[in-house]
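Novice: Predicted model, plus sequence, below.
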Amino acid sequence: MGWRVRGVRGATTVEANTYEALERAVLELMEEIEAQNDIDPREIVSATFSATTDIDVVFPAKIARSRSQWENVPLLDVQQMYVNGSLERCIRVLIHVNTPLEQHQIKHIYLNGARDLRPDLVYAQI
């Protein structure tokens with residue numbers, strides 16, 4: 001099978017609504033997604049970030065764009081839909097990437113409190 005566009009999901013939480021906390025969390029999440037899926041940023045088609053309403057100090061995409069080879073990746077930030085009782089201070093990402101991996105081989109990464117969103121993904125318990 002040849003290369004195809006695949007979706008890679010990830011999420012994390014931050015301990016506070018500060019630039020420093022968001023920077024740590026977003027960089028950790030992006031590094032782990034790239035490492036676990038052997039992603040070359042030049043093969044990324046696009047990425048969409050969502051943040052819960054209690055995160056408003058910086059766009060997660062701005063932090064991601066600061067990474068090496070991410071400056072030309074099309075990025076979008078949106079606000080996560082509010083659901084009563086849902087996880088607070090959560091950043092989610094959906095990355096579309098050209099990869100030789102089959103969809104079932106993709107490792108979706110859920111860190112910190114976001115691990116509770118997908119407890120079925122035990123390999124993401126980093």
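Specialist: Structure received. Numbering: from 1, shown residues only.
Novice: just the strands in this structure please.
Specialist: Per DSSP state E, the chain carries strands over the ranges 4-13, 44-51, 75-79, 90-99, 109-110.
Novice: Which residues does the shortest one contact?
Specialist: Applying C-beta atoms under 8 Å, 6 or more residues apart in numbering, the set of residues contacting strand 109-110 from outside is 8-12, 29, 32-33, 36, 117-118, 121, 124, 126. C-betas here are computed from N, CA, C, even on glycine.
Novice: what do you get if the cut-off is 10 Å, keeping everything else the same?
Specialist: By C-beta atoms under 10 Å, 6 or more residues apart in numbering, the residues outside strand 109-110 that reach it are 8-13, 28-37, 92-93, 115-121, 123-126.
Novice: returning to that earlier point: most neighbours per residue, which of the strands of the chain?
Specialist: When you average the neighbours per residue for each of those (mean count of other C-beta atoms under 10 Å), strand 109-110 leads with a mean of 26.
Novice: Quick check: neighbours of that strand in the sheet, parallel or antiparallel?
Specialist: strand 4-13 (parallel) (DSSP bridges).
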